[in-house]
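**Student:** Kindly generate the corresponding structure for this input.
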Amino acid sequence: MSKWHKTGCVLCAQNCGIQVLVENNKMVKVRPDKENPRSEGYVCRKGLNVVYHQYPADRLTEPMKKIDGKFVPVSWDQAMKEIAEKLKTGIAQYGPRSFAYLGSSAQGGHLEAAFGVSLMKCLGSQNLYSSAGQEFSGIWWVQGRMFGKQYLLHGPDDHETEMLIAWGWNGMQSHQMPQAPKVLKKISKDPDRILVSIDPRKSETAEIANIHLPLMPGTDALLVKAMIAIIVNQGWEKKAFLESNVEGWDKIKHWFKNFDVRAAVKTCELDYDAVFDLCQLMSEKRWSFHPDLGIYMGRNSTLNSYLLNILGAVCGIFGQRGGNIIVGLFMPLGYHADERDPKVWKTAVTGMPPAAAGSFPPSVLPEEILTDHSDRLRSIIVSVCNPLRSWPDTQALEKAFSHLDLLVVHDIVMSETARLADYVLPCRTFYESWDGTFFPWTYPNIFFQLRRPIVQCEGNCLESSQIFTLLAEKMGLIPYIPEAVIEAAS
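**Tutor:** I've put the predicted structure just below:
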């Protein structure tokens, strides 16, 4: 028996619509979903090969407990009882700061995060670590200070923009916006629009760009400051926009006066006239910019994001059609966590704030474990991520995880992190679960796809959200639910 199912790709934040052919409970073929209103039939080679993600060679099928250095199968009831008891004992003895949740960073499913964060908060903890805290901590912190909330993310209005600047972003390969290659090609071929790439190398996006500024790596902040200085010194800033929408411009305007722009541009290894001409275009056109990891993870990353936002404000592009707008949010990605609020935790040892919408940077995690500090981390649940493969300083992480009192991992395979765990709990894949993602990057429409299971898991696996719920139940954290509510939910 075979049937085509509508679902979504789970391998990047765009989650393009796909159709999957299922035969005898096995995914066998993938094609684009032309009726999906967000992707409109677009899909890349990753999405077309998502079947390989569904069927890894070392799939976990039952809960495992490490005994004398070896994993042995246990029942869900035994695993949940023992983990619940260890967590309760640890928190009672060392306090809620001793517990951390590592997760909420999957590309294909965010319902796990809702349950994981809820359990963390029920235990009195604020120790959330995710890859977002590593990749995007600078920009989210800047957004919180400049736009009021860390999760108020802005993006280019590519429908109306007359000039799109890809800054440290190779959208032809990495996407990061719906149908990115189609959008970028369309802009570059339109005689009335301009595609700009600011990138040290001749990337695939730079190849098709109308203008390419190959700056020296690590000089982004210097270039942005030089561009702001050119615009201010030429009197091209949008004065009415600044007066109506921006606070504090007069306090920092002097930063850009008497600045040696030519020396700065020379340091960036760029042609001054090319930079000047781009600044002039910025003063004339409805332009927008799309930064990415070249900005977020490069040298001076937080300063890069701050100065780029100043540049956008000086040119009056925020909240304007064709400029950078606050993208649609069906559900906020994370929550606002301003470290100036005394109720918001910083990490106990390193004193780091939760910059990325409540998430701490993973790079400080080893120091938060390998210490004699009274509030050091002792118990950790890792869900739907593999820190020993994807987070920095894996040797330090491996050493740190071996010093924990309790390490629990939810995963679909015996990952590098899972091998160090005390308990490994088998998850259902994204195509065996009810799930969806809350990634934005759409304007003016807002999209959300709730994905249904399209195959049944083979083995004694649960959704990660179910695992968190079972654990909360064993810890007595779930209140009585009236029969009427249960009946309504069915």
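**Student:** Chain neighbours aside, what residue packs nearest to Gln280?
**Tutor:** Nearest residue to Gln280, sequence neighbours excluded (Cβ to Cβ, 6 or more residues apart in numbering): Trp236, at 7.4 Å. Quick note: C-beta positions are derived from backbone N, CA and C, even for glycine.
**Student:** cool, Pro362 as well?
**Tutor:** Distance criterion Cβ to Cβ, 6+ apart; nearest residue to Pro362, sequence neighbours excluded, is Trp391 at 4.3 Å.
**Student:** Show me what the closest residue to Gly103 other than its chain neighbours is bridged to.
**Tutor:** Of all residues not flanking Gly103 in the chain, Ser383 sits nearest, at 3.6 Å (Cβ to Cβ, 6+ apart). In this entry, Ser383 is beta-bridged to His410, by DSSP bridges.
**Student:** can you map out the strands along the stretch 301-450 of the chain?
**Tutor:** Taking DSSP state E, counting those that start in this stretch to define them, one finds strands in the stretch 301-450 of the chain at 324-326, 379-383, 406-411, 423-426.
**Student:** now for the longest one, which elements pack on it?
**Tutor:** Just to be clear, that refers to strand 406-411. Strand 406-411 makes packing contacts with helix 76-94, strand 379-383, strand 423-426 when contacts are defined by 3 or more Cβ pairs under 8 Å, 6 or more residues apart in numbering; DSSP states H and E.
**Student:** So for His110, which of the ones you listed sits nearest?
**Tutor:** Judged by Cβ to Cβ, the one of the helices and strands packed on strand 406-411 that comes nearest to His110 is strand 379-383, at 11.7 Å.
**Student:** tell me how far the closest one is from the chain's mean position?
**Tutor:** Once both centres are worked out by Cα atoms, centre = their mean, to the nearest Å, strand 379-383 turns out to sit 19 Å from its chain's centre.
**Student:** now the angle from it to helix 76-94?
**Tutor:** Following axes from the mean of the first three to the mean of the last three Cα atoms, to 10 degrees, one obtains 140 degrees for the angle between strand 379-383 and helix 76-94.
**Student:** Name the residues that touch strand 379-383?
**Tutor:** Contacting residues not belonging to strand 379-383 are listed as 86-87, 90-91, 98-104, 112, 116, 119, 401, 404-411, 417, 421, 427, 464, 467-468 [Cβ atoms under 8 Å, 6 or more residues apart in numbering].
**Student:** Give me the domain ranges for the chain.
**Tutor:** 2-54, 64-133+338-427+462-489, 154-326 (automatic domain parsing).
**Student:** and Tyr443, which of those is closest to it?
**Tutor:** Tyr443 sits nearest to domain 154-326 of all the domains of the chain, at 5.4 Å, using Cβ to Cβ.
**Student:** avg pLDDT for the closest one?
**Tutor:** Averaged across domain 154-326, pLDDT comes to 96.
**Student:** Kindly report the same for stretch 100-114.
**Tutor:** This predicted structure assigns stretch 100-114 an average pLDDT of 91.
**Student:** ends of it, how far apart?
**Tutor:** 15 Å (Cα to Cα, to the nearest Å).
**Student:** in it, what's buried?
**Tutor:** Buried residues in stretch 100-114, counted by 16 or more other Cβ atoms under 10 Å: 100-113.
**Student:** What is the neighbour count of the residue nearest to Gly103?
**Tutor:** Residues near Ser383, counting by other Cβ atoms under 10 Å, number 25.
**Student:** quick one: it from Tyr129, how far?
**Tutor:** Computed as Cβ to Cβ, to the nearest Å, the Ser383 to Tyr129 distance reads 11 Å.
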